[in-house]
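*Asks:* Any chance you can model this:
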Amino acid sequence: MGNLNINPADAISELEAALHRFMIKRVLYRILFRGKGLEFDGYRDYSPDEDAEDIDWVASLRAQKILARKYIEERDLHIFFVIDVSDDMVFGSTDKLKCEYAAEMVLALSHLIMNNGDNVGFVLFSDGIKRFIPPKNGRNHFFLLIDSLRKGEIYGGPSHVAKTLNQLLNELPSNTNAVFVVSDFFNVGKEHEHSINLFSARFETIGMMVRDFRDESLEGLKNELYLEDPETGKQIIVDPKLVRYNYRSYTLHQEKMVENFFKNSGADFIKFLTNAKFAPRFAAFLKERVLRKAYIVPRG
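*Replies:* A predicted model of the protein is given here:
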């Protein structure tokens with residue numbers, strides 16, 4: 001496989017524009033890490049030109065004036081992206097393979113995190129960990145991340161999500177603030193639930209599912225399809241008209257199962273389709289998360 005067709009610059013611009021439209025950038029770390037990188041430091045009078053997300057309505061009611069929470073921001077966060085580079089990710093029916101889409105998304109998020117002064121590390125895996133890049137910052141480190149994701153020779157092999165998460169329980173640094181697990185999760189079944197629970201209990205975890213439209217639908221296909229399992233090599237010929245309903249039903253059921261594994265473990269989960277831009281979807285996810293979590297700070 002040759003090098004991937006990725007354009008980090010465009011992805012970075014799209015993400016920054018989407019975050020600006022959703023007015024999210026100022027509270028990015030509170031949104032992502034549930035305040036794990038922020039220390040509560042009391043209250044202050046709220047100004048109308050400030051972010052309304054900081055208002056503490058309970059404290060405001062008691063004081064009979066609008067109060068906002070103050071935080072001491074703990075810098076130097078350490079964020080990991082655990083990225084599936086298996087054969088399953090080397091597929092695409094659009095202008096981007098799943099692995100290319102995932103790479104651009106991860107690099108855009110990494111750039112945003114590093115621009116805020118924090119550190120990003122990568123774990124690339126398929127049937128095991130292929131590359132482990134400890135969290136760092138700086139221009140050279142970002143170019144190392146680009147180079148690692150662009151090289152085609154890193155891609156291939158079966159995907160073993162549970163094996164990788166179990167291994168990382170002992171290998172990720174204890175000061176890791178959050179972990180993004182990026183995969184199509186195609187081979188995740190009931191036997192993976194325990195591993196996801198253990199991992200999410202140890203680390204702040206966000207599951208990011210990247211799928212192609214054809215991963216879940218055979219709509220519009222009329223001719224017989226010649227299919228090969230990338231992991232076993234097994235080959236079959238199918239008539240899409242005969243299997244269309246069962247195919248979609250199975251894949252959507254499996255997607256929902258994976259989503260439930262993450263959410264039931266206390267982690268977050270977001271799905272992306274490669275025929276839609278990732279940035280608006282991710283910005284909307286952050287907006288929804290800040291409203292859902294409410295970020296209630298325990299009273300001392």
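*Asks:* how about residue 158, secondary structure?
*Replies:* Assigned by DSSP: H, G, I helix; E, B strand; the rest coil, the conformation of residue 158 is coil.
*Asks:* Test my guess that it contacts residue 87.
*Replies:* Yes - using CB atoms under 8 Å, residue 158 makes contact with residue 87 at a distance of 6.9 Å. To be clear about C-beta, it is placed using only N, CA and C from the backbone, and glycine gets the same treatment.
*Asks:* Comparing these two, which residue is more hemmed in?
*Replies:* Between residue 158 and residue 87, counted using other CB atoms under 10 Å, residue 87 has the larger neighbour count: 20 against 15.
*Asks:* Let me have stretch 186-203 in CSV, keeping just the CA atoms, if that works.
*Replies:* Extracted C-alpha coordinates of stretch 186-203, given in CSV (Å, rounded to 0.1, in the frame of the first residue of the first chain):
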residue,chain,number,x,y,z
PHE,A,186,-16.1,-3.9,12.9
ASN,A,187,-15.0,-7.0,14.9
VAL,A,188,-16.2,-5.9,18.3
GLY,A,189,-18.6,-8.3,19.8
LYS,A,190,-20.0,-9.2,23.2
GLU,A,191,-16.6,-10.5,24.3
HIS,A,192,-15.2,-7.0,24.1
GLU,A,193,-17.5,-5.5,26.7
HIS,A,194,-15.4,-6.3,29.7
SER,A,195,-12.2,-4.8,28.2
ILE,A,196,-14.0,-1.6,27.3
ASN,A,197,-15.4,-1.4,30.9
LEU,A,198,-12.0,-1.9,32.5
PHE,A,199,-10.3,0.6,30.2
SER,A,200,-13.0,3.3,30.6
ALA,A,201,-12.8,2.9,34.4
ARG,A,202,-9.1,3.7,34.3
PHE,A,203,-9.1,6.5,31.7
